[in-house]
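1. Below are the sequence and a predicted model; questions follow.
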Amino acid sequence: MSVLEMKVPSPGESITEVEIATWLVKDGDYVEKDQPIAEVDSDKATLELPAEQSGIITLKAEEGDVVQVGQVVCLIDMDAAKPAGSAAPATEAPKQEEAPKAAEPAKQEAPKPAAAPQTYATGAPSPAAKKILDEKGIDASQVSGSGRDGRISKSDAELAAVPALGGSPMTATGSRSTTTTKLSVLRRKIAQRLVSVKNETAMLTTFNEVDMSEIFRLRKQYKEEFGQKHGVGLGFMSFFTKAVTRALQMYPDVNASIDGDFKVNYDFCDISIAVSGPKGLMVPVLRNAENMSFANVEGNIKDLAIKVRDGKITVDEMTGGTFTITNGGTFGSMLSTPIINPPQSAILGMHNIIQRPVAVDGQVVIRPMMYVAMSYDHRIIDGKESVGFLVAVKEGIDNPVEILLGGDERKGLGL
């Protein structure tokens, strides 16, 4: 008998273990070569595990198991014959309806004596419960006990409310159930990284606001023509990405990271775009975004977002990145302090767009305004650079035609 031992392949550099998130087949199923048989979570992404050969599969790991790269997770019997797929499933003969059974006479039970109404529990409180009740000034006779024989537990005492003057005692009502689930490898790794950022960086945040009027005008005027020519919509992210790459070239220390006692500056702008997916927040990367056109940015973001949504994003597509853009405005956030995506040194947070009164040339006008926030690592980015960077982003958003499109909006948009 030829049996293939399927081992966990390496999803990427530095990844040593994965978690079996979901088996897509059952023990004893016949699988075809390259058929997805499982989804596995690494600390970077969720990946599909394809069958290496055809045959009957025997599972060697359970869902939720953390397994090492190179560990055997299933066996495939390659000599097993493929079940006949052409045979029609046997049709069951219709079941004859059973004749209704004669109603059985109801059993006569002796009537139970009516229980006397009982307002308070008769059980005594536990020592811990008694101490809590004494501190609250509540009489034990006014508390219902959930323990054996009505005994008042510590939790009963903690939930007991002090009655209002002249009122009756209050007790908790409704469901009090809890559900405990194990965090995935991806979520645990994200948690570790976020805590390490707070502990290992000198993170500060600076704020500003941008006027979206010109971008609204450009999108309204050219959105249809842009979509027909390039096959993608003209969104906000391309404007912010182009504004960020310009600002990164003006302030190179924002486009840097710390490596021990050294600072690493990058002469390219790999922009990580935070995308919400079924498994949580993912950050696929636009490589050399400084050289991309508006259509390139929109097309790449669309493709990466679809991969995140469908669980097809790869580790390589999320590795690297020199700066991150995140848009909490899609969920209604007005203002936030985004957290740095290590080993990067800065992140830009976009927020929702609100029609607000602002002063323009001495007049109060209504404009679509957005607050923007930039969190940065103060170890290598000074306040002057951080503020200057965010002002440069603001300049690009407030005046996109002159600053981002080179003064010719149609040519700048590739029309």
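-> Received it, and whenever you're ready, just let me know what you need.

2. what about I273, distance to T58?
-> 41 Å (CB to CB, to the nearest Å). No exception for glycine: its C-beta is placed from N, CA and C like everyone else's.

3. Let me see the ranges of the strands in the stretch 301-415 of the chain.
-> All strands of the stretch 301-415 of the chain, identified by DSSP state E, counting those that start in this stretch, fall at 323-327, 346-350, 353-360, 363-377.

4. Give me the angle between the third one and strand 363-377.
-> Which is strand 353-360. 120 degrees (axes from the mean of the first three to the mean of the last three CA atoms, to 10 degrees).

5. Give the pairing partners of strand 353-360; include direction for each.
-> Note on strand 353-360: by DSSP bridges, its sheet partners are strand 363-377 (antiparallel).

6. what does the average pLDDT come to for the strand it pairs with?
-> Strand 363-377 comes out with an average pLDDT of 95.

7. ok so, going back, next, format the strands of the stretch 301-415 of the chain as JSON lines and append mean neighbour count.
-> Listed next are these as JSON lines, based on neighbours: other CB atoms under 10 Å:
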{"stretch": "strand 323-327", "mean neighbour count": "24"}
{"stretch": "strand 346-350", "mean neighbour count": "25"}
{"stretch": "strand 353-360", "mean neighbour count": "12"}
{"stretch": "strand 363-377", "mean neighbour count": "18"}
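
8. I273 and T58: which has the busier surroundings?
-> Per other CB atoms under 10 Å, whichever of I273 and T58 has more neighbours is I273, with 24 against 14.

9. The more buried one is in contact with L304, isn't it?
-> Yes - at 6.9 Å, I273 and L304 qualify as touching, with contact defined as CB atoms under 8 Å.

10. Mutual contacts of these two, please.
-> Common contacts of I273 and L304, defined by CB atoms under 8 Å, 6 or more residues apart in numbering, comprise P284, L286.

11. can you map out the helices along the stretch 201-350 of the chain?
-> Secondary structure of the stretch 201-350 of the chain by DSSP state H, counting those that start in this stretch: the helices cover 213-230, 236-250, 294-310.

12. From T46, how far off is the most centrally placed residue in the chain?
-> Nearest to the mean C-alpha position of the chain, by CA atoms, centre = their mean, lies G280 at 2.0 Å. Distance, G280 to T46, using CB to CB: 9 Å.

13. any shared contact partners between these two?
-> With CB under 8 Å, 6+ apart as the test, G280 and T46 both reach L186.

14. What about the nearest residue to V210 once chain neighbours are set aside, how many residues nearby?
-> In space, and not counting its chain neighbours, V210 is closest to I397: 4.2 Å by CB to CB, 6 or more residues apart in numbering. For I397, the count of nearby residues is 25 (other CB under 10 Å).

15. Now do the contacts for I397.
-> I397 neighbours (CB under 8 Å, 6+ apart): V210, D211, M212, I215, F239, F240, A243.

16. Farthest pair within those residues?
-> D211 and F240 (13.6 Å; CB to CB).

17. Who has more neighbours out of the two?
-> Between D211 and F240, counted using other CB under 10 Å, F240 has the larger neighbour count: 25 against 18.

18. my read: the more buried one touches I325, true?
-> Yes - with contact defined as CB under 8 Å, F240 reaches I325; the gap is 5.9 Å.

19. between the two, what contacts are shared?
-> L348, M350.

20. what bridges to the closest residue to P343 other than its chain neighbours?
-> Using CB to CB, 6+ apart and skipping residues adjacent in sequence, the residue nearest P343 is S257, 4.5 Å away. With DSSP bridges applied, S257 shows beta-bridge pairing to V264.

21. Now do the same for S257: its pLDDT.
-> pLDDT at S257 comes out at 93.

22. likewise M203?
-> The model's pLDDT for M203 equals 92.

23. for the contacts of I397, which one is nearest A80?
-> Among the contacts of I397, and counting by CB to CB, the member closest to A80 is F240, at 54.7 Å.

24. which residues does that closest one contact?
-> I325, L348, M350, V393, I397.

25. where's it relative to A289, distance?
-> For F240, the distance to A289 (CB to CB) stands at 11 Å.

26. Buried residues in stretch 175-190, which are they?
-> S184, V185, L186, K189, I190 (16 or more other CB atoms under 10 Å).

27. Put together JSON lines for the contacts of F240, with distance to E62 and pLDDT on each row.
-> Converted to JSON lines, those look like this (distance: CB to CB, whole Å; pLDDT from 0 to 100):
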{"residue": "I325", "distance to E62": "39", "pLDDT": "95"}
{"residue": "L348", "distance to E62": "42", "pLDDT": "96"}
{"residue": "M350", "distance to E62": "41", "pLDDT": "95"}
{"residue": "V393", "distance to E62": "48", "pLDDT": "97"}
{"residue": "I397", "distance to E62": "50", "pLDDT": "96"}
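
28. could you point out where the chain is predicted with low confidence?
-> 1, 12-14, 43-44, 85-123, 127, 147-149, 161-173 (pLDDT under 70).

29. What distance do you get for the nearest residue to D139 once chain neighbours are set aside to Q142?
-> Using CB to CB, 6+ apart and skipping residues adjacent in sequence, the residue nearest D139 is L133, 7.6 Å away. Shown here: L133 relative to Q142, a distance of 9 Å by CB to CB.

30. And D34, by the same measure?
-> 68 Å.

31. Next up, the contacts around the residue nearest to V66 when sequence neighbours are not counted.
-> Residue nearest to V66 in three dimensions, not counting chain neighbours: E19, with 5.0 Å by CB to CB, 6+ apart. E19 makes contacts with V40, D41, S42, G64, D65, V66, V67, S184, V185, as judged by CB under 8 Å, 6+ apart.
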